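> After the sequence you'll find the predicted model.
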Amino acid sequence: MITTVTKAIFPVAGLGTRFLPATKSIPKEIMTLVDRPLIQYAIDEAREAGITDFIFVTAKGKSALEDYFDRAPELEKKLRDSNKTALLEELKRSDMESGSIAYIRQREAKGLGHAVWCARRFIGDEPFAVLLPDDVISGQQGCLKQMIDAYRETGGNMVAAMQVPDSQTKNYGIIDKGAENGRLVSVKGMVEKPALGTAPSNLAVIGRYILRPEVMDALGKFQQGAGGEIQLTDAIADQIDQGRPVHGFRFEGTRFDCGSKAGFLQATVAFALERSDLREEFGVFLDSITHLHHAAE
């Protein structure tokens, strides 16, 4: 059984309607946290984990996303001639080697599971990762790297997991927990967006997955789940029914839901305060508006 994970799928076909009107003209995935687009955080995390093949499931209107990963020779030359080496090195983070990145269209919006299934021919018979760029995870070590290190020991399928308030379980895929071993938990079942009060736990699935290729077979049945969409959670739950192991992994780090405006703003503040070139000035500004807010109350 292959336990080396080198391929990753990035589902980026969504319309980003919660960020309209901005996303009328630009893909949500290249909206910036400080000075790096959302997709760059996901790419950097995947690279750290040893991913070499990047598969983007896109849709109409996402050409700017593809352009972002193309080279910009004129800009590179200008930076080099101006001796702006730091900016040049930062620009190189968006470079992708020829042949390492592939784009495939999801022609119909049928859910996350369908988006992953669209990439099946690029996966073949190998395990693969799925990263949702909306979930930005900050930590000393990337979430996917932590998962892949654990996956080498467990094999099977693995999902990133975190505790959420009981009132929020209706917004997530929720794990029915089995035996626990440190950061790992055996998954007995999974429920996508359970009705309030019916969740088997408050351990939610977050947008990082390591999956066996058999998941593609389950997705290919096109069974509709929550919201009338083809759900990735349902296909993973099918693996449990087939006797194939699934583990939840409680990662170390802070997750920001950048698919929401509030989460995006929270991430912007957190990442800005981590920057040595911004921390002091930005911190003073935050202190001043916090003081004004309290004074107004």
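Received, thanks.
> Ends of stretch 44-54, what's the gap?
11 Å (CA to CA, to the nearest Å).
> And stretch 218-238, by the same measure?
Termini of stretch 218-238 sit 7 Å apart (CA to CA).
> same check, this time on stretch 227-247
By CA to CA, one end of stretch 227-247 lies 25 Å from the other end.
> repeat for stretch 232-249
17 Å.
> Show me where the stretch 1-150 of the chain has its strands.
Ranges of strands in the stretch 1-150 of the chain, per DSSP state E, counting those that start in this stretch, are 7-11, 32-33, 36-37, 53-58, 101-105, 128-131, 135-138.
> Could you export those as a markdown table, including distance to Ser94?
(Glycine included, C-beta is placed from N, CA and C.) Formatted as a markdown table, the strands of the stretch 1-150 of the chain follow (distance: least, CB to CB, whole Å):
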| stretch | distance to Ser94 |
| --- | --- |
| strand 7-11 | 14 |
| strand 32-33 | 12 |
| strand 36-37 | 8 |
| strand 53-58 | 12 |
| strand 101-105 | 11 |
| strand 128-131 | 16 |
| strand 135-138 | 17 |
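> Specify the stretch among those that is closest to Phe69.
Closest to Phe69 of these is strand 101-105 (CB to CB; 6.0 Å).
> Check which helices and strands the closest one sits against.
strand 53-58 (3 or more CB pairs under 8 Å, 6 or more residues apart in numbering; DSSP states H and E).
> Pairing partners for the strand it packs on, with directions?
strand 7-11 (parallel), strand 101-105 (parallel) (DSSP bridges).
> which residues are contacting that strand?
6-13, 43, 46, 65-66, 96, 100-106, 115-116, 118-119, 122-123 (CB atoms under 8 Å, 6 or more residues apart in numbering).
> Buried subset of the residues you listed as a PyMOL selection?
Per 16 or more other CB atoms under 10 Å, the buried members of the contacts of strand 53-58 correspond to this PyMOL selection:
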select buried, resi 7+8+9+10+11+12+13+43+46+65+101+103+104+106+115+116+118+119+122+123
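> hang on, the earlier thing: the strands of the stretch 1-150 of the chain: which one's closest to Asp241?
The nearest among the strands of the stretch 1-150 of the chain, by CB to CB, is strand 128-131 at 20.1 Å.
> Export that closest one to PDB, keeping only CA atoms.
C-alpha atoms of strand 128-131 as PDB (Å, rounded to 0.1, in the frame of the first residue of the first chain):
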ATOM      1  CA  PHE A 128      -4.000  12.200  -2.200                       C
ATOM      2  CA  ALA A 129      -4.500  15.300  -0.200                       C
ATOM      3  CA  VAL A 130      -7.400  17.800  -0.400                       C
ATOM      4  CA  LEU A 131      -6.900  21.300   0.800                       C
END
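> gap between that strand and the chain center?
Relative to the centre of its chain, strand 128-131 is centred 9 Å away, using CA atoms, centre = their mean, to the nearest Å.
> tell me what it is packed against?
When contacts are defined as 3+ CB pairs under 8 Å, 6+ apart, strand 128-131 sits against strand 7-11, helix 38-48, helix 143-154, strand 203-211.
> Tell me which of the ones you listed is the most buried.
Each of these was scored by mean neighbour count; the highest is strand 7-11, a mean of 25, by mean count of other CB atoms under 10 Å.
> now that one against helix 143-154, angle please.
Counting by axes from the mean of the first three to the mean of the last three CA atoms, to 10 degrees, strand 7-11 lies at 130 degrees to helix 143-154.
> returning to that earlier point: got JSON lines for the strands of the stretch 1-150 of the chain, with mean pLDDT and distance to Thr233 too?
Formatted as JSON lines, the strands of the stretch 1-150 of the chain follow (pLDDT from 0 to 100; distance: least, CB to CB, whole Å):
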{"stretch": "strand 7-11", "mean pLDDT": "96", "distance to Thr233": "14"}
{"stretch": "strand 32-33", "mean pLDDT": "90", "distance to Thr233": "27"}
{"stretch": "strand 36-37", "mean pLDDT": "90", "distance to Thr233": "27"}
{"stretch": "strand 53-58", "mean pLDDT": "93", "distance to Thr233": "17"}
{"stretch": "strand 101-105", "mean pLDDT": "89", "distance to Thr233": "22"}
{"stretch": "strand 128-131", "mean pLDDT": "97", "distance to Thr233": "12"}
{"stretch": "strand 135-138", "mean pLDDT": "94", "distance to Thr233": "15"}
